[in-house]
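Asks: got a predicted structure plus its sequence, pasted below:
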Amino acid sequence: MNNDSCSCRIVHQDKVDLARSQGLGLDKIKAISNLFKACADPSRLRILHALLHQEMCVCDLAALLDVSESAVSHQLRLLRTMGLVVNRRDGVVLYYRPVDQRISQLIALAGEFLANK
C-alpha cells in the first residue's frame with residue numbers, strides 16, 4: 001500500500017488557492033530547476049566548487065577531476081550556457097570563474113541540510 005497518497009479524494013480549495021497565491025511563477029520555477037540541474041552532475045558541482053576558490057583553466061580542472069580536457073570543456077560550456085560561469089582570456093589560456101559567489105551559499109546550505117538529516 002502506498003502511504004504517500006490520500007485514502008479519500010477531497011480537494012481543499014482554500015489550501016490549493018493559498019499555495020497558488022504563494023507560488024513562485026512558472027518562469028522562476030524553471031530557472032531554479034535549471035540551477036539545480038546544473039548542480040546535479042558531480043563533475044559540474046566539483047568544477048563550481050573549485051572555481052569558488054580561484055580562477056582555473058580547463059587543463060587545471062581536468063587534472064583536478066582526473067578527466068579529459070574535452071570532458072571539462074563540455075561541462076564548462078554547459079555551465080556557461082546556464083549563466084553560472086564566465087571566462088577571461090589571458091593570451092591563449094581561458095580562465096573560468098563563477099558569475100556569482102553566492103553559489104557557495106547554495107552548496108554550503110545543501111551540505112548543512114544533508115548533515116542534519
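Replies: All right, it came through fine.

Asks: from now on I want contacts and neighbour counts done on CA atoms only, so please keep to that.
Replies: OK.

Asks: quick one: the residue nearest the centre of the chain and residue 110, what's the gap?
Replies: Closest to where the C-alpha atoms of the chain average out (C-alpha atoms, centre = their mean) is residue 39, at 2.9 Å. Distance, residue 39 to residue 110, using C-alpha to C-alpha, to the nearest Å: 11 Å.

Asks: swap in residue 90?
Replies: 34 Å.

Asks: in this protein, where is pLDDT below threshold?
Replies: For the chain, the stretches flagged by pLDDT under 70 are 1-2.

Asks: okay, now residue 27: neighbour count?
Replies: Using other C-alpha atoms under 10 Å, residue 27 has 9 other residues around it.

Asks: tell me the buried residues in the host helix or strand of residue 43?
Replies: Per DSSP states H and E, residue 43 falls inside helix 42-51. With burial defined by 16 or more other C-alpha atoms under 10 Å, the residues of helix 42-51 counted as buried are 43-45, 47-51.

Asks: state which helix of the chain is the longest.
Replies: Using DSSP state H, we find that the single longest helix of the chain is helix 26-40.

Asks: report all helices and strands that that one contacts.
Replies: Counting contacts by 3 or more C-alpha pairs under 8 Å, 6 or more residues apart in numbering; DSSP states H and E, helix 26-40 packs against helix 42-51.

Asks: might you report the residue contacts of residue 57?
Replies: Each residue near residue 57 by C-alpha atoms under 8 Å, 6 or more residues apart in numbering is listed here: 93-96.

Asks: give me the element residue 80 is part of.
Replies: helix 69-81.

Asks: buried stuff in that helix?
Replies: In helix 69-81, the ones that count as buried by 16+ other C-alpha under 10 Å are 69, 72-73, 75-76, 79-80.

Asks: tell me the angle that helix makes with helix 26-40.
Replies: Going by axes from the mean of the first three to the mean of the last three C-alpha atoms, to 10 degrees, helix 69-81 is angled at 160 degrees with respect to helix 26-40.
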